[in-house]
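Student: based on what follows, work out the 3D shape:
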Amino acid sequence: MSGPALLLVFSEPGSDLPLAEFTDWYDNEHVPLRMTQFTSFLTGARYHTPAQSGSTTSAQNPGWAAFYDLATSNALEEPAYVHLRNNRSARETSVIEKLDVLDRRTYEVVADSGESGEATSFGVDNPTKWVRTIGFEAHAVPEGWAEKAVAQQRGEEGWIRTRIYRFVEGGKRGVGLSQSEVDQRVPQFLLVHEAKNEQSLGSFKVDAADLEIQEDRQWELYKAWPNTASVQA
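Tutor: Predicted coordinates for the structure are as follows:
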């Protein structure tokens, strides 16, 4: 059995889909279907680009991200989950066809600084309010590099937790994307920093000596959901 994993979904509604419709679908249909039916979805939380950042969102720089801690990277291969994805509602089908981008990725944990009393990460009890995601390729890195990179953050001002993941599978679609190599690229590794405040996000160390950084994004908590699948079972 595979180990702990992360399902990360970047999305951007774009000009063809009103934000209110996008938000209502995500909050009241898409996320609840996962958090009420599958015990393998341990957490579920949505984040958005901080309003004060002034960043312009697009298919290449989406403004929304959903994070789900998974019990294993095989969770999305469960027959019931495959059935859910293959039998979308008419509403979900319509929304997805209008999105500028839906960038779905499954990652497996490579290194983790561990849970912190400062927050419950993507858990609903006390979710982390500020997150930074860095997607990168790693070239000729020495043994133990991931654990060293995680340990490097300890003690930094405002730091809560750091995890590094390796890409397992995923894909991109959307009316705002081309089939070019740049638009379809998915980084091999993902570094996720959690912070107490926005100011701390930019101060975290990123040792780029042997890394090719392809994405660097900051996120503010929008909402977290409890998993009630086991309660309803």
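Student: how long is stretch 11-20 end to end?
Tutor: 14 Å (C-alpha to C-alpha, to the nearest Å).
Student: with stretch 194-211 instead?
Tutor: So stretch 194-211: terminal residues 20 Å apart, C-alpha to C-alpha.
Student: identify the residues contacting that stretch?
Tutor: With contacts defined as C-beta atoms under 8 Å, 6 or more residues apart in numbering, stretch 194-211 is touched by 50, 52, 116, 118-119, 121, 128-132, 134, 136-141, 145, 149, 152-153, 156-162, 191, 193, 213, 218, 220. In this view, the C-beta of every residue, glycine as well, is placed from N, C-alpha and C.
Student: host element of the residue sitting nearest the centre point of the chain?
Tutor: Nearest residue to the geometric centre of the chain (C-alpha atoms, centre = their mean): residue 8, 3.0 Å. Taking DSSP states H and E as the definition, residue 8 sits inside strand 5-12.
Student: quick one: strands adjacent to that strand?
Tutor: Sheet partners assigned to strand 5-12 using DSSP bridges are listed as strand 64-70 (antiparallel), strand 101-112 (antiparallel).
Student: quick one: mean pLDDT over the first one.
Tutor: Meaning strand 64-70. Averaging pLDDT along strand 64-70 yields 98.
Student: quick revisit: hey, which of the strands paired with strand 5-12 is tucked in deepest?
Tutor: strand 64-70 (a mean of 22; mean count of other C-beta atoms under 10 Å).
Student: how about the strands paired with strand 5-12 in JSON lines, adding distance to residue 58?
Tutor: Below are the strands paired with strand 5-12 laid out as JSON lines (distance: least, C-beta to C-beta, whole Å):
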{"stretch": "strand 64-70", "distance to residue 58": "12"}
{"stretch": "strand 101-112", "distance to residue 58": "8"}
